[in-house]
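Enquirer: coords please:
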Amino acid sequence: MRLLQIVGIKMKIEILGTGCPKCKLLEENARKALAETGKKAEVVKVTDISKIIEYGVMSTPAIVIDGKVKSFGKVVDVSEIKKWL
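Expert: Next up, the predicted model:
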């Protein structure tokens, strides 16, 4: 991942969910983790159920970093997200 950042390719964080309060909190936590680490990423909300299912996620909210599902069905805290960045 660091090599990708050196060559100017940003990581992509996807927040999967329908816009519920927990989904919004997960997005806030992801943005806080980015701010605290100084890392750059594109943060995208995915609300389309068919796209969420394509990831194999059956309960939201979920967080996907660079195409890999890191967590689903709960709001992950900032410190955990920072470990994944």
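
Enquirer: where in this protein is pLDDT low?
Expert: Counting by pLDDT under 70, the chain contains low-confidence ranges at 1-9.

Enquirer: what are the ranges of the strands in this structure?
Expert: Secondary structure of the chain by DSSP state E: the strands cover 11-16, 41-46, 62-65, 68-72.

Enquirer: in its sheet, what does the third one sit against?
Expert: By that I understand strand 62-65. Next to strand 62-65 in the sheet, as set by DSSP bridges, lie strand 11-16 (antiparallel), strand 68-72 (antiparallel).

Enquirer: Residues touching it, excluding its own?
Expert: Defining contact as C-beta atoms under 8 Å, 6 or more residues apart in numbering, one finds that strand 62-65 is touched by 11-17, 26, 30, 41, 46, 52, 55, 69-73, 76, 81, 84-85. The C-beta positions use only the backbone N, C-alpha and C, and glycine is treated the same way.

Enquirer: Mark which of those residues are buried, thanks.
Expert: Of the members of these, the ones counted as buried by neighbours, 16 or more other C-beta atoms under 10 Å, are 11, 13-17, 26, 30, 41, 46, 52, 55, 71-72, 76, 81, 84-85.

Enquirer: for stretch 35-42, which positions count as buried?
Expert: For stretch 35-42, the buried set under the neighbour-count rule, 16+ other C-beta under 10 Å, comprises 39, 41.

Enquirer: distance between the ends of that stretch?
Expert: End-to-end distance for stretch 35-42, by C-alpha to C-alpha, to the nearest Å: 13 Å.

Enquirer: what's the neighbour count on the closest residue to Gly19 other than its chain neighbours?
Expert: Taking C-beta to C-beta, 6 or more residues apart in numbering as the measure, Gly19 lies nearest to Thr47, with 5.9 Å between them; neighbours along the chain are not counted. The burial metric for Thr47, expressed as a neighbour count using other C-beta atoms under 10 Å, is 13.

Enquirer: which other helices and strands contact the longest helix along the chain?
Expert: Longest helix of the chain, by residue count under DSSP state H: helix 21-37. Using 3 or more C-beta pairs under 8 Å, 6 or more residues apart in numbering; DSSP states H and E as the contact criterion, the neighbours of helix 21-37 among helices and strands are strand 11-16, strand 41-46, helix 78-84.
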